[in-house]
Structure formats: C-alpha cells, structure tokens
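Trainee: just coords:
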C-alpha cells in the first residue's frame, strides 16, 4: 500500500453515540463506517473496549470485530484494544483464535493494560487495580496459548488458537512501551500531546526491543486525531464535540453522547470546563490538506513511525467521513475498487 508519507494509515472507531442515538444505532454505524473506510483504502479498522460508559457503545470488541470482518473483505480488522486485565488470557486467546479461523490473515490483536475505570465497574468485572500490575504475565500467558506453551497452565490448550499466528500489538499506557519492547511486540502510542515525551518513549522502546517470534524489529504505530476540511476553521469545528465530551466527563465522571457543534458553542462553561475543553482539542492535528500534510510530515519525520492510526470522532458522521476521504486523497490511498469511494 502506497501513501504520500510512505507508511500505512489505519482507523480506530470507538462506536461513540450521538445525541438522540442509542447504542445499537452506534454499533450499526461502526459496521457501515468500516465498509466506507475499507473502500477508501485504509490499512486497518480497529474497535475499542469500554465498560459502563454512556457515550460509548463498544463494550465487546471481539464481537464487534467479528461483525466488521463479516461486512468487509480486504481491510485488516482488530481491537484497539482488548483490555487484558479485564479478562482471562485463555478466553482472549480462544476469541482471537475463532476470529482468525473465520477471517484468516485479516485479524489483529491490539491489547491494553487498563482495568475498569471506576470501583463499581471493576467490582462488576471481578477485577481491581492490582490486576493491571501483572500485565506482562497476562500477555506472556496469552501469547503462549498461540504457540502451545502457556507456562502458567502447560496442560491447557486454547482451541482453535493454538498454532495460529495473530499479530499482537501493545497499547502504550503507563508502562506499556517497556512491556512491548520486552515482549518483542509492536507498540501503539498516542501522538496527540507532549511530542518530546512521545519521542523519548519511542526511542526507549526501540533501544530496549528484544526480537521475538512475534516481531523481528521494533514497529511503532502512532495514534491520534487528524481532521481535514476545506478550511482550518471547519476542521477545528470537527474536534469540538469530542473535546466537550471529554471536558464534561472530567468534571462529572460521565462520558456523554456527542452533541452538535452549535450546541457546544452555545454552552456556558465554568472556568474549569473551559480549560479542560481547550486542552482537549489543542495540540491535535487539524486543518486544510496542506496544513495537515505539513503537520504529519514533521511528526512522522521526527518519530520515524511505521504506521499511523487515526482516532477522530465527531457528531456529524458525514463531515467525519469527508475528513477521512480528504486524508485518503492526500495520502494517495487506493481502495480495492479505485482511488475513492
């Protein structure tokens, strides 16, 4: 796959609900969106895991990934990610074994180390914060089921995963970059803020990387928001619904559905809400094609990333698709039936 930046570009969709929409509608939108992203020529389409979050419908990523894979034919499909501390590694191996068996050569296994986001959710999952501390052990056990060598349970077999090779990725939260390096796995790391810290983490990952059967060399996937529109202001407006949702969640502990841009602009915010709102969209990559090309070029040159995972969300679905369409054209992506869709 050829891009103007010389690397693949992929998409993460969080199945965000929009004002007036229910969860089932958001999930169906994700499946439809995946078909359109595939037609534009993006490399991967990933879905996420959130529990008891009102504005996010994606709670069962392997189930949703199966629906996406069944509705598409060429794009790689995966998770960004399954939060491993929430699950038993055996069950995760079995789920991805089934996915890979049904859709051979198209499944990715993105794995994170977060555990449920409140005490109540953790209790419902039967987990606590300490479960995230053994992420390296959980990861080793999970990968062992694919190779038939799960050290923790040597007599246990994860059918049909055993003998299959599903590409695994580690999402960098906290110590995630170091875990990825030690396990010899690709790293997915957010690129939205703190470029110096990002580059230090990437450099450390590359320095400490240990080749493994899962990866012969370091592989870095940057993830972040990219919004492209006809004008800088239009692109900025795309970011506002998600920014307000983030500010709202940090002041009320509830992640609300996305609302229209005009609703956001008409909202009277407290000083703290305004500060969080502005922090949420500043530093993200947005603008016209020329502005985004310049921003991407600088970031990718400094980081030498191998891939970029675009994570943009907004209220207006058609405006979002137009942004992805503009980005695909900018990058020179070609879908299975032509340059655009």
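Mentor: Perfect, thanks for sending it. Predicted model only: the values in this text are computed from it and were never measured. Numbers count the residues shown, from 1 in each chain.

Trainee: need the contact partners of stretch 56-70.
Mentor: The contact list for stretch 56-70 (CB atoms under 8 Å, 6 or more residues apart in numbering) reads 13-17, 23-24, 26-27, 30-31, 34, 45, 47-51, 77-79, 81-82, 92, 95-96, 98-99, 102-103, 106-107, 255. C-betas here are computed from N, CA, C, even on glycine.

Trainee: likewise for stretch 200-217?
Mentor: 143, 147, 167-168, 172, 177-178, 180-187, 189, 218, 220, 303, 305.

Trainee: for those, which PyMOL command selects only the ones that are buried?
Mentor: Paste this into PyMOL to select the buried members of the contacts of stretch 200-217, with burial taken from 16 or more other CB atoms under 10 Å:
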select buried, resi 143+167+168+172+177+178+180+181+182+183+184+185+186+187+189+218+220+303+305
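
Trainee: among the contacts of stretch 200-217, which lie within strands?
Mentor: Counted as lying in strands by DSSP state E, out of those, are 168, 187, 189, 220.

Trainee: buried ones among the contacts of stretch 56-70?
Mentor: Buried among the contacts of stretch 56-70 by 16+ other CB under 10 Å: 13-17, 23, 26-27, 30-31, 34, 45, 47-51, 77-79, 81-82, 92, 95-96, 98-99, 103, 106-107, 255.

Trainee: now the helices for the stretch 201-341 of the chain?
Mentor: 232-252, 261-266, 271-281, 289-303, 317-331 (DSSP state H, counting those that start in this stretch).

Trainee: remind me what the fourth one packs against, helices and strands.
Mentor: Secondary-structure packing of helix 289-303 (3 or more CB pairs under 8 Å, 6 or more residues apart in numbering; DSSP states H and E): helix 195-208, strand 220-224, strand 226-228, helix 232-252, strand 285-287, helix 317-331.

Trainee: any idea which of the ones you listed is most buried?
Mentor: By mean neighbour count, with neighbours taken as mean count of other CB atoms under 10 Å, strand 226-228 ranks first of the helices and strands packed on helix 289-303 at a mean of 27.

Trainee: ok, residues contacting the host helix or strand of residue 30?
Mentor: Using DSSP states H and E, the element containing residue 30 is helix 23-40. Helix 23-40 is contacted from outside by 11, 13, 15-18, 21, 45, 47, 57-58, 64, 67-68, 71-75, 77, 317, 321, 324-325, 328, 333, 335-337, 340-341, using CB under 8 Å, 6+ apart.

Trainee: immediately after that helix, which helix or strand?
Mentor: The helix or strand immediately downstream of helix 23-40 is strand 44-47, counting by DSSP H and E.

Trainee: partner strands of that next one and their direction?
Mentor: Applying DSSP bridges, strand 44-47 is found paired with strand 9-13 (parallel), strand 76-79 (parallel).

Trainee: can you list contacts of the first one?
Mentor: I take that to be strand 9-13. 3, 30, 33-34, 37, 42-48, 58, 76, 80, 221, 223, 307-311, 313, 324, 327-328, 331, 333.

Trainee: what's the answer for the shortest one, then?
Mentor: Applying CB under 8 Å, 6+ apart, the external contacts of strand 76-79 come out as 10, 34, 43-49, 61-62, 65, 68-69, 99, 103, 106-111, 167, 169.

Trainee: recalculate using a threshold of 6 Å.
Mentor: Strand 76-79 is touched from outside by 44, 45, 46, 61, 65, 68, 69, 106, 108, 110, with contacts defined as CB atoms under 6 Å, 6 or more residues apart in numbering.

Trainee: farthest pair within those?
Mentor: Farthest pair in these (CB to CB) is 61 and 106. Separation: 15.2 Å.

Trainee: and the closest residue to residue 251 other than its chain neighbours, what's its pLDDT?
Mentor: Excluding its sequence neighbours, the residue lying closest to residue 251 (CB to CB, 6 or more residues apart in numbering) is residue 273, at 5.6 Å. Looking at residue 273, its pLDDT reads 94.

Trainee: now residue 273: how far from residue 238?
Mentor: Distance check for residue 273 against residue 238: by CB to CB, to the nearest Å, it reads 20 Å.

Trainee: and residue 168, by the same measure?
Mentor: Separation of residue 168 from residue 238 (CB to CB) stands at 32 Å.

Trainee: check residue 133 too.
Mentor: Distance of residue 133 to residue 238, computed by CB to CB: 38 Å.

Trainee: go on, residue 55?
Mentor: As judged by CB to CB, residue 55 and residue 238 stand 17 Å apart.

Trainee: likewise residue 48?
Mentor: According to CB to CB, residue 48 and residue 238 sit 19 Å apart.

Trainee: out of the helices of the stretch 201-341 of the chain, flag the one nearest residue 139.
Mentor: Closest to residue 139 of the helices of the stretch 201-341 of the chain, according to CB to CB: helix 289-303, at 24.0 Å.

Trainee: list the buried residues for the closest one?
Mentor: 292, 293, 296, 299, 300, 303.
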